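A.B. asks: Output the structure for:
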Amino acid sequence: MPSKAAKKPTQAANSGGTAKSGKNSEAIPEEVSRQGIKLGFLIHDVSRMRRNAFDQIMKPLGVTRAQWWVLAHLSRHDGMMQTQLADVLDVGKASLGTLIERLEQGGMIERTLDPTDKRAKRVFLSRTAHQIVRRMTNEEDRFNQQILRRLSLADRDELIRLLDGVKSSLSEMVTADHTAEA
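C.D. replies: Numbers count the residues shown, from 1 in each chain. Here you go, the predicted structure:
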């Protein structure tokens, strides 16, 4: 049985160790391509695992992922129009409407008509939701300390800086795609 080191050479390795990229057919070194793929999977896995672990922490508070996402966003931008909230959260207006109705029935949010546009509704956190958001924030602080315990403060700052750079690049791509569609 051949060892892992004696793997069958890839087509990219046969063509000088490069792989072709999607849109522009520039050659990308195979090592860089593998590294990018590994990084993409790692970012995805960390995000998924963090959400799932945080869901478990929020469960005793009786808050679902979709609900805590809305509550967390409103805690920073209370009184947004419902349509703006749907856009920011990148969810359909109908889906958000159903979620908002459940949160309203649970006493977590209050909707009021916009004073300048009677067709629009603004969404506000209730007193109950403010208390839950405080509890969520305390739980998240403990959670973050646990999952980031292996990183120094300098490492955390560097990770934030690097991920902000990736986020900016993605934002530019999305903006360019939307501009091209218009």
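A.B. asks: quick one, what contacts the residue nearest the centre of the chain?
C.D. replies: By C-alpha atoms, centre = their mean, the chain has its centre lying nearest to S47, at 7.2 Å. Going by C-beta atoms under 8 Å, 6 or more residues apart in numbering, S47 touches no other residue. Using the backbone N, CA and C atoms, a C-beta is placed for each residue, glycine as well.
A.B. asks: Can you tell me the element it falls in?
C.D. replies: Here S47 sits within helix 30-58, counting by DSSP states H and E.
A.B. asks: got the buried residues for the very next helix or strand once past that helix?
C.D. replies: Going down the chain from helix 30-58, the next helix or strand is helix 65-76, by DSSP H and E. The neighbour-count criterion (16 or more other C-beta atoms under 10 Å) identifies A66, Q67, W68, V70, L71, L74, S75 as the buried residues of helix 65-76.
A.B. asks: cool, stretch 103-118 as well?
C.D. replies: Neighbour-count burial for stretch 103-118 flags L103, M108, I109, E110 (criterion: 16+ other C-beta under 10 Å).
A.B. asks: Residue ranges in the chain under the pLDDT threshold?
C.D. replies: Counting by pLDDT under 70, the chain shows low-confidence ranges at 1-25, 178, 182.
A.B. asks: mind running it again at 80?
C.D. replies: 1-26, 177-182 (pLDDT under 80).
A.B. asks: which residues in the protein form helices?
C.D. replies: Under the criterion DSSP state H, the chain contains helices at 11-14, 30-58, 65-76, 82-89, 93-105, 127-147, 153-181.
A.B. asks: between those helices, which gets nearest to A120?
C.D. replies: Nearest to A120 among those is helix 82-89 (6.8 Å), distances taken as C-beta to C-beta.
A.B. asks: Packing partners of the closest one?
C.D. replies: If contacts are counted by 3 or more C-beta pairs under 8 Å, 6 or more residues apart in numbering; DSSP states H and E, helix 82-89 sits against helix 65-76, helix 93-105, strand 121-125.
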